[in-house]
Each structure stands twice: as C-alpha cells, then as structure tokens.
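>>> The following comprises the amino acid sequence and a computationally predicted model.
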Amino acid sequence: MGGNQTWITEVILLGFQVDPALKVFLFGLFSLFYGLTLLGNGVILGIIYSDSRLHTPMYFFLSHLAIDDISYASSNVPKMLANLVSRKNRTISFVPCLMQTYLYLAFAHTECLILLVMSYDRYVAICHPLHYSVIMNWRVCTVLGVTFCMFSCLLALVHVILILRLPFCGPNEINHFFCEILSVLKLACADTWLNQVVIFAAAVFILVGPLSLVLVSYTRILIAILRIQSGDGRRKAFSTCSSHLCVVGLFFGSAIVTYMAPKSRHPEEQQKILSLFYSLFNPMLNPLIYSLRNAEVKGALRRALCKDRTT
C-alpha cells in the first residue's frame with residue numbers, strides 16, 4: 001500500500017434506491033418480517049427449553065438454528081431499517097462495516113453446518129434407529145456444536161483478514177443495504193483476485209460440500225421411508241424431513257446463486273433481493289416451517305398454551 005493512499009473512514013450504504021413512499025412501505029414490511037423473525041425463533045427456543053419431550057439432539061440443533069437466525073438477522077436488518085427512514089445518515093464507520101461483514105459471514109457459515117448436522121441427525125434417526133442414542137449422544141452433539149461455531153468464526157476471520165490487507169482509498173459508496181463482502185471488495189483500490197478465489201473456494205467448501213452431503217443423506221432417508229410399513233410412521237418421517245428440505249432449499253439455493261453464479265447474469269439490484277432471502281426471509285420462515293410441518297413442535301405449543309390457560 002502506497003504512502004499517499006488514505007483509508008476511507010466511513011461507508012455510505014445506498015440501500016434500496018426507490019421513491020420515499022415506497023421506502024416507508026418497505027420499512028413497515030421489513031419491520032414486520034424482522035419482528036416475526038424475533039418472535040418465531042424466540043417461541044421455538046421457549047418451547048424447546050420448557051418442554052422436556054423436546055430435549056433431544058434434533059431439537060438441540062434446532063435451538064441452535066433459532067439462535068443463529070436471530071443473530072443473523074440482527075447483524076444487518078436494524079441498520080437497513082434505519083437507512084430506509086433516514087434521508088441523510090446512511091453512513092457506517094469502516095470498522096463497524098467490517099464487523100458487520102464478519103458477523104454475517106460467521107452466522108451464515110454456522111447455519112450451513114447446522115443444516116448439515118440436522119440432516120445427519122435425521123439420517124441416523126431413520127436409517128439406524130437402534131443405534132441413534134449411541135451415535136447421537138449428548139457428548140457428540142456438544143462437540144459438534146462447539147466445533148462448527150469455532151470453525152465458522154475462524155473462516156469468517158480469514159475473509160476479514162484478507163480484506164484488511166487491501167487499501168481502501170475511495171469511493172466509499174456500497175450499493176447494498178449492509179456491508180456484504182462482495183460489495184465491500186468493490187471499494188478496494190487494488191486487485192481483489194485473491195479475495196475472490198478464497199470466497200469461491202469457501203463457497204464450494206461451505207455451500208456445495210454440505211449441500212451434497214445433505215442430498216446424499218436425504219436420498220438414503222427417502223429409500224428408508226419408502227420401506228416403512230406403517231402409514232403413520234411414513235407420514236411422520238416425511239413431515240419432519242420435508243420441513244428440513246424446505247429450509248435447506250431456500251438457504252443454500254439463494255446463497256449459491258449469490259456467490260457462485262456468474263455476476264454478469266445477476267445485476268446489483270438482483271443481488272440485494274437475493275441477500276434478503278438469506279438475511280431476512282429465511283430466518284423468518286424457518287420457525288414457521290418447523291412449527292407448521294412438525295407434529296412434535298405443534299404438540300408442545302398446544303401443551304404450553306393449555307398450561308398457561310389452566311394456571
């Protein structure tokens with residue numbers, strides 16, 4: 001980095017460049033979605049914590065997913081909402097901008113690994129039910145939980161360290177509603193080839209790899225389900241697994257298109273819409289999908305409501 005180059009100290013988030021009336025509408029809509037995200041995932045956490053019947057590995061990881069979704073949305077949505085109603089103050093200091101980049105990457109990586117572990121949990125439960133308590137014991141669950149959190153944080157840190165090696169001498173406008181890594185790299189005054197290679201390699205490792213393993217798990221699960229003689233058992237297995245596949249499809253699909261598809265096919269405005277899927281819509285839909293498609297969660301919710309009425 002040359003001696004005459006000066007780092008930018010603030011970044012302007014352009015956000016959604018629409019009419020003021022539409023900004024008010026988007027603020028109300030996204031505020032509703034964010035509120036539903038907090039409420040839905042909070043209810044999931046409360047139900048799992050209060051109902052001893054849900055103290056199983058599957059719901060242990062589901063509670064981690066709920067915590068991750070709350071954290072994921074909270075890392076960028078509040079700033080987006082503030083920018084929608086602010087006409088002038090759409091800036092963010094460069095250091096908090098990098099922190100936002102780090103947090104959203106860490107939470108995104110964590111969600112990928114949680115969804116992978118949940119698919120493995122369902123594979124063991126359906127394909128090897130007699131060995132489930134041995135394979136998915138609490139020690140294994142705890143080790144997996146700590147491992148994927150640490151790995152996600154370290155991988156996100158690698159991206160941020162590679163960003164810090166670059167000079168940022170202007171411009172300072174990001175055409176996004178948060179400090180998304182690809183948008184931040186466009187501000188660099190140097191070649192970002194290494195960053196792009198690492199991002200693509202990480203996407204292959206953290207997106208394509210887990211998605212491939214998830215699909216293999218569910219292929220095995222589907223074969224096992226078709227062998228189940230009981231109609232009730234088959235419906236229960238389908239209900240649980242289909243809800244997980246809905247979440248997997250929404251999250252991995254939008255992320256792969258964003259980070260692995262040719263950028264010329266997806267203009268910046270489309271990139272922002274895709275980002276909404278895995279930063280706002282997905283965290284909001286996850287608790288709805290799991291509660292509406294999962295008989296055990298619905299049963300626990302009914303018991304909790306009945307208990308409140310009787311007290």
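Received it, and whenever you're ready, just let me know what you need. Numbering: from 1, shown residues only.

>>> burial count for L103?
When counting by other Cβ atoms under 10 Å, one arrives at 19 neighbours for L103. Every C-beta, even on glycine, is put in place using the N, C-alpha and C of the backbone.

>>> mind listing the helices for the stretch 51-200 of the chain?
Counting by DSSP state H, counting those that start in this stretch, one finds helices in the stretch 51-200 of the chain at the ranges 57-74, 77-85, 94-127, 132-135, 138-164, 181-185, 193-203.

>>> Just send those helices back as a markdown table, with mean pLDDT too.
Below are these laid out as a markdown table (pLDDT from 0 to 100):
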| stretch | mean pLDDT |
| --- | --- |
| helix 57-74 | 92 |
| helix 77-85 | 89 |
| helix 94-127 | 92 |
| helix 132-135 | 92 |
| helix 138-164 | 94 |
| helix 181-185 | 91 |
| helix 193-203 | 93 |
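
>>> What residues does S183 make contact with?
When contacts are counted by Cβ atoms under 8 Å, 6 or more residues apart in numbering, S183 is found next to 174-176, 268.

>>> List just the nearest of those to C189.
I174 (14.8 Å; Cβ to Cβ).

>>> about what we covered before: nearest to P287, out of the helices of the stretch 51-200 of the chain?
Evaluated over those, closeness to P287 peaks at helix 57-74, with 6.6 Å, by Cβ to Cβ.

>>> Next up, identify which helix or strand the residue lying closest to Y59 once chain neighbours are set aside is on.
Computed as Cβ to Cβ, 6 or more residues apart in numbering, the closest residue to Y59 that is not its neighbour in sequence is I48, at 4.8 Å. Secondary structure assignment for I48, by DSSP states H and E: helix 20-50.

>>> For that helix, buried residues please.
By neighbour count with 16 or more other Cβ atoms under 10 Å, helix 20-50 contains the buried residues 23, 26-27, 30, 33-34, 36-38, 40-41, 43-45, 47-48.

>>> now the contacts of S183 as TSV including distance to D191, pLDDT and neighbour count?
Output for these, formatted as TSV (distance: Cβ to Cβ, whole Å; pLDDT from 0 to 100; neighbours: other Cβ atoms under 10 Å):
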residue	distance to D191	pLDDT	neighbour count
I174	19	89	23
N175	21	88	17
H176	21	88	22
E268	21	70	15
